[in-house]
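> any chance you could fold what I've pasted below:
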Amino acid sequence: MNYSIFTVKVIKNFGQSFFPDGIALTELIVQVPKVRKNSVKILLQVSVWGKLSYDAAKYYKPDDYIVIEGYLSMSNISIDRIKNLKDKQLEISVFKIYPFIFK
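Numbers count the residues shown, from 1 in each chain. Reported below is the predicted structural model:
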């Protein structure tokens, strides 16, 4: 079961990019709000595809809170600083976005 709903804070909006066939992609780095004072920050990479990516690039800025619905996937990332260690990163392909709190 990899379909999930999260309330997240936008940390960085990388803007839109386009593929040769015209499909738009907007990538965001988001943070899951901390429940406890001493808990670890959880950063996620979010990919917004197609027509929804236009709205994500235009309206959602850093420090905005949004509710996202999407599919989870794990991707391999390599960290060159630590002797070519392979690590996993959680990525969410967004299906729907709802504004929650704008600053």
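
> drop to CA atoms for contacts and neighbour counts, all remaining ones
Will do.

> just checking, residue 10 touches residue 64?
Yes. At 5.5 Å, residue 10 counts as touching residue 64 under the criterion of CA atoms under 8 Å.

> where does pLDDT dip in the chain?
1, 76-88, 103 (pLDDT under 70).

> the strands in it, which residues?
Along the chain, the stretches classed as strands by DSSP state E are 3-18, 24-32, 42-49, 65-79, 85-101.

> just those strands: most buried one?
Highest mean neighbour count among the strands of the chain (mean count of other CA atoms under 10 Å): strand 24-32, with a mean of 20.

> that one versus strand 65-79: what angle between them?
Here strand 24-32 runs at an angle of 100 degrees relative to strand 65-79 (axes from the mean of the first three to the mean of the last three CA atoms, to 10 degrees).

> run the chain-centre distance for strand 24-32.
3 Å (CA atoms, centre = their mean, to the nearest Å).

> one more: stretch 53-66?
Counting by CA atoms, centre = their mean, stretch 53-66 comes out at 11 Å from the chain centroid.

> now swap in stretch 51-69 and tell me
10 Å.

> what of stretch 40-49?
3 Å.

> show me the contacts for residue 50.
23, 24, 25 (CA atoms under 8 Å, 6 or more residues apart in numbering).

> name the nearest of these relative to residue 45.
residue 25 (12.6 Å; CA to CA).

> from residue 102, how far off is the closest one?
Going from residue 25 to residue 102 by CA to CA, to the nearest Å gives 22 Å.

> and residue 28, by the same measure?
16 Å.

> then residue 19?
Residue 19 is 30 Å from residue 102, by CA to CA.

> with neighbour numbers in mind, choose between the two.
residue 102 (13 against 8; other CA atoms under 10 Å).
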